[in-house]
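Trainee: Have a look; sequence and predicted model below, questions after that.
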Amino acid sequence: MMQQIQPLPTDFIRSHNDWQTQRAAAHRATAVKLADDGQTPKAMVIGCCDSRVQPAEVFNGDVGDFFVYRNIANAVPPVDHPQATSTAAALEYGLTALNIPHLIVMGHSRCGGVQGCHSLCSGQAPELDSPDSFVGSWLQVLRPAYERMQRTLQPGQDPLVALEQVSVLQSLDHLLTHDFIRTRVEAGTLALHGTWLDIRSGAVSAYDPQAGAFVSLAA
Ligand SMILES: [Zn+2]
């Protein structure tokens, strides 16, 4: 059989060695403790795969602080959805084995996945509307969010930003379809949070249930 596994490019190796000599020492005491004692993250984040989104960084997090699960468009399927398994496995481990007390869904600006969902649901993307498209099949998870966005869109509001934010709320609703999440929320041992990151400014907004809107965290 042809050998398919290649050595890492030298610039990756050089970058790693630079990190070891320049920055890893600062993390070493924490990393050794986490390795020996195990992790106790303060929050779990459901974020997008997008490389411009760094959930731990925007909360000034250190190694071990955030248990991060990423997928296209930070979507959470409901419990009975055929694509629920991977997300549910991460949630089950984070919440029932690690007992993480905060669960943050983080949407973001310029989300290609949300844009794809908008195109798919508005009939503009036949390539996604096919059982052969893994991305399209996945983005169907957010179809209820698209329909909700259409019902609630305000005049002058950017429909893509609205869908990015409504998708977060939809995913929070879907989280509660899991018994192990709903019971923890009802018992007060788990708090759910909705956030949206502006990737140009790095500013995070959080959903304020009283305002019914995402509100900037800036003081
Ligand atoms: Zn995204």
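Mentor: Sure thing, it's come through.
Trainee: And the longest helix along the chain, what does it pack against?
Mentor: Identified as the longest helix of the chain according to DSSP state H is helix 159-175. Packed against helix 159-175 by the contact rule (3 or more C-beta pairs under 8 Å, 6 or more residues apart in numbering; DSSP states H and E) you find strand 102-108, helix 112-121, helix 143-152, strand 191-197, strand 204-208. For the C-beta atoms, the positions are set from N, CA and C on the backbone; glycine is no exception.
Trainee: chain center to the last one, what's the gap?
Mentor: How far strand 204-208 lies from its chain's middle: 14 Å, per C-alpha atoms, centre = their mean, to the nearest Å.
Trainee: Relative to the next helix or strand after that strand, what are the paired strands and their orientations?
Mentor: Moving toward the C-terminus from strand 204-208, the next helix or strand (DSSP states H and E) is strand 213-216. As defined by DSSP bridges, the strand partners of strand 213-216 come to strand 204-208 (antiparallel).
Trainee: Please list the outside residues in contact with the partner strand.
Mentor: Strand 204-208 is contacted by residues 58-59, 106, 165, 168-169, 193-198, 213-217 when judged by C-beta atoms under 8 Å, 6 or more residues apart in numbering.
Trainee: 7 Å - rerun?
Mentor: For strand 204-208, the external contacting residues (C-beta atoms under 7 Å, 6 or more residues apart in numbering) are Val58, Val168, Leu169, His193, Gly194, Thr195, Trp196, Leu197, Phe214, Val215, Ser216, Leu217.
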